[in-house]
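**Q** this one's sequence-less:
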């Protein structure tokens, strides 16, 4: 009886010891992911969902049903909770830790890439963590990056952008900032402000690409450089005949009210505008571009370009006809002759956008969600995105499908390591 009692006590003691050890382990894990003030985790400490749910990105690429099913479960559970802007502010308060933890200090390009530096203009207004992921995905220490944040952005977002610029080499905030108005001249000015600063930088970049916060690369920097070299000084800009969009510049639009306050979007008037200066023929396209350095110099120095810019100021969404028109002007660097066929968004490789009204005719249905007729991609589109031939995807959002971004990051990282391993 005593032996039985002793064994029972010993078993209870072992159970208590194991329980305490487990609680201590849990406490350490919890403590390691919580800031001193009970704030949320540092971004780099967050577990990747592909690891947590044992998702194989190669099988996602191969459209394996079981793996794709896991991504749908994650989306249904809404497992992803992204870091707040404040978390990015806190992370960038320690630049040494931030740069090392995100791997910026370990990123190195090849001689092939260093001989062909690139510039980027990032016009952003929200979700600092998503902007940082984009920046990390396209970062090379020999490239140069201009961030233009909207003056309407929150204080935390602005502080986060300043933190990124302070911590990461060759990243800076535009010297002139705009209060960006939807479809207004200020959106075009935001990029022009960055382009001006980029021309003044010490980095003698060859091409510049503008991006927004929901873009994400589909190519490594080396692959991008390889494709850009093939342009031989040409530009990659969507440029089509106006069709039904002539109303955007046939009358004047008002940007501000009588109190000099911006309208939510430009307001049409009945005042007829004069024709474009210098007999310029109008074309339409996208606000997003890939431009050669020579073309950007032309835009900043040419009287024709300055006159056209001033004429565009009271038009509707000038960012969607300014670049599309200027590349068709005879004699500009990288000119596209006016007689050449249209350059549609599918021919222009800069950005791959999936419009809901063109699904099933030009491309497969959106597997994420569509907002304002634009697809926010799902993981099932990974293979299509990587094989279509474009350089950047728009739009991505981890709140819609976090696995897609993790798989893009993983695949691009593996491709970057491959030459080093060989």
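**A** Arrived safely, thanks for sending. Computed from a predicted structure; not experimentally measured. Numbers count the residues shown, from 1 in each chain.

**Q** tally of neighbours for residue 258?
**A** 6 (other Cβ atoms under 10 Å). Where you see a C-beta, it was placed from the backbone N, CA and C, and this is true even at glycine.

**Q** as a check, name the ranges of all helices in the stretch 51-200 of the chain.
**A** Here the stretch 51-200 of the chain has its helices, by DSSP state H, counting those that start in this stretch, at 57-61, 65-77, 85-91, 95-102, 111-114, 128-138, 155-167, 185-200.

**Q** now the fourth one: buried residues?
**A** Taking 16 or more other Cβ atoms under 10 Å as the basis for neighbour counts, the residues of helix 95-102 that come out buried are 98, 99, 102.

**Q** any weak-confidence spans in this protein?
**A** The model of the chain has pLDDT under 70 over residues 1-46, 419-422.

**Q** nearest to residue 414, of the helices of the stretch 51-200 of the chain?
**A** For those, proximity to residue 414 was assessed by Cβ to Cβ; helix 57-61 is nearest, at 9.1 Å.

**Q** distance from the closest one to the middle of the chain?
**A** 23 Å (Cα atoms, centre = their mean, to the nearest Å).

**Q** before we move on, what about stretch 212-232?
**A** 12 Å.

**Q** for residue 216, what is the enclosing helix or strand?
**A** strand 215-217 (DSSP states H and E).

**Q** which strands or helices does that strand pack on?
**A** helix 128-138, strand 392-394, helix 402-421 (3 or more Cβ pairs under 8 Å, 6 or more residues apart in numbering; DSSP states H and E).

**Q** re earlier: quick one, which of the helices of the stretch 51-200 of the chain gets closest to residue 391.
**A** Proximity to residue 391 (Cβ to Cβ) singles out helix 128-138 among the helices of the stretch 51-200 of the chain, at 10.0 Å.

**Q** ok, residues contacting that closest one?
**A** Residues from elsewhere that reach helix 128-138 (Cβ atoms under 8 Å, 6 or more residues apart in numbering): 43, 82-85, 87-89, 102-104, 120, 122, 124, 145, 147, 156-157, 160-161, 164, 168, 171, 211, 213-217, 221, 397-398, 405, 408-409, 412.

**Q** whichever of those end up buried, select them in ChimeraX.
**A** In ChimeraX, a selection of the buried entries from the contacts of helix 128-138 looks like this (16+ other Cβ under 10 Å):
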select :43,82,83,84,85,87,88,89,102,104,120,122,124,145,147,157,160,161,164,168,171,211,213,214,215,216,217,221,397,398,405,408,409,412
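
**Q** save the buried residues of helix 95-102 as JSON lines, and put in distance to residue 319 too.
**A** As requested, these are exported to JSON lines (distance: Cβ to Cβ, whole Å):
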{"residue": "98", "distance to residue 319": "32"}
{"residue": "99", "distance to residue 319": "33"}
{"residue": "102", "distance to residue 319": "31"}
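
**Q** spit out the contact partners of the nearest residue to residue 56 once chain neighbours are set aside.
**A** Nearest non-adjacent residue to residue 56, counting by Cβ to Cβ, 6 or more residues apart in numbering: residue 67, 5.8 Å away. Contacts for residue 67 (Cβ under 8 Å, 6+ apart) come out as 55, 56, 59, 60.

**Q** what's the local residue count around residue 74?
**A** For residue 74, the count of nearby residues is 19 (other Cβ under 10 Å).

**Q** hang on, I meant residue 93
**A** So residue 93, with other Cβ under 10 Å, has 13 neighbours.

**Q** which other residues reach the longest strand belonging to the chain?
**A** The residue-count maximum for a strand in the chain (DSSP state E) belongs to strand 262-272. For strand 262-272, the surrounding residues in contact (Cβ under 8 Å, 6+ apart) are 179, 181-184, 186, 250-257, 314, 316-317.

**Q** list only buried entries from those.
**A** 181, 183, 184, 186, 252, 253, 255, 314, 316, 317.

**Q** of all those residues, which two lie farthest apart?
**A** Among those, 186 and 252 lie farthest apart (Cβ to Cβ), at 16.5 Å.

**Q** run through the bridge partners of the residue most central in space within the chain.
**A** When the chain is reduced to its mean C-alpha position, the closest residue under Cα atoms, centre = their mean turns out to be residue 215, at 3.0 Å. Legend: beta-bridge partners of residue 215 under DSSP bridges are residue 394.

**Q** what sits against it?
**A** 134, 351, 392, 393, 394, 395, 396.

**Q** got the contact list for residue 197?
**A** When contacts are counted by Cβ under 8 Å, 6+ apart, residue 197 touches 146, 172, 174, 175.

**Q** a markdown table for those residues, including neighbour count?
**A** Listed next are the contacts of residue 197 as a markdown table, based on neighbours: other Cβ atoms under 10 Å:
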| residue | neighbour count |
| --- | --- |
| 146 | 27 |
| 172 | 18 |
| 174 | 23 |
| 175 | 12 |
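
**Q** name the SS class of the residue nearest to residue 235 when sequence neighbours are not counted, please.
**A** Of all residues not flanking residue 235 in the chain, residue 334 sits nearest, at 4.3 Å (Cβ to Cβ, 6+ apart). Following DSSP: H, G, I helix; E, B strand; the rest coil, we place residue 334 in the coil state.

**Q** so how many other residues sit close to residue 334?
**A** 17.

**Q** for residue 371, see how far away it is.
**A** Noted for residue 334: a distance of 34 Å to residue 371, by Cβ to Cβ, to the nearest Å.

**Q** for residue 204, same thing?
**A** Shown here: residue 204 relative to residue 371, a distance of 39 Å by Cβ to Cβ.

**Q** was I right to think residue 284 contacts residue 240?
**A** Yes - using Cβ atoms under 8 Å, residue 284 is in contact with residue 240, at 5.6 Å.

**Q** the more surrounded of those two?
**A** Set side by side, residue 284 and residue 240 show more neighbours around residue 284, with 21 against 18, by other Cβ under 10 Å.

**Q** residues in contact with that one?
**A** 239, 240, 241, 242, 243, 245, 248, 320, 321, 324.

**Q** please indicate which of those are buried?
**A** Buried among the contacts of residue 284 by 16+ other Cβ under 10 Å: 239, 240, 242, 245, 248, 320, 321, 324.

**Q** tell me the contacts of the third one?
**A** With contact taken as Cβ under 8 Å, 6+ apart, residue 242 is in contact with 282, 283, 284, 321.

**Q** if you set the cut-off to 7 Å instead, what comes out?
**A** 282, 283, 284 (Cβ atoms under 7 Å, 6 or more residues apart in numbering).

**Q** gap between it and residue 342?
**A** Applying Cβ to Cβ to residue 242 and residue 342 gives a distance of 11 Å.
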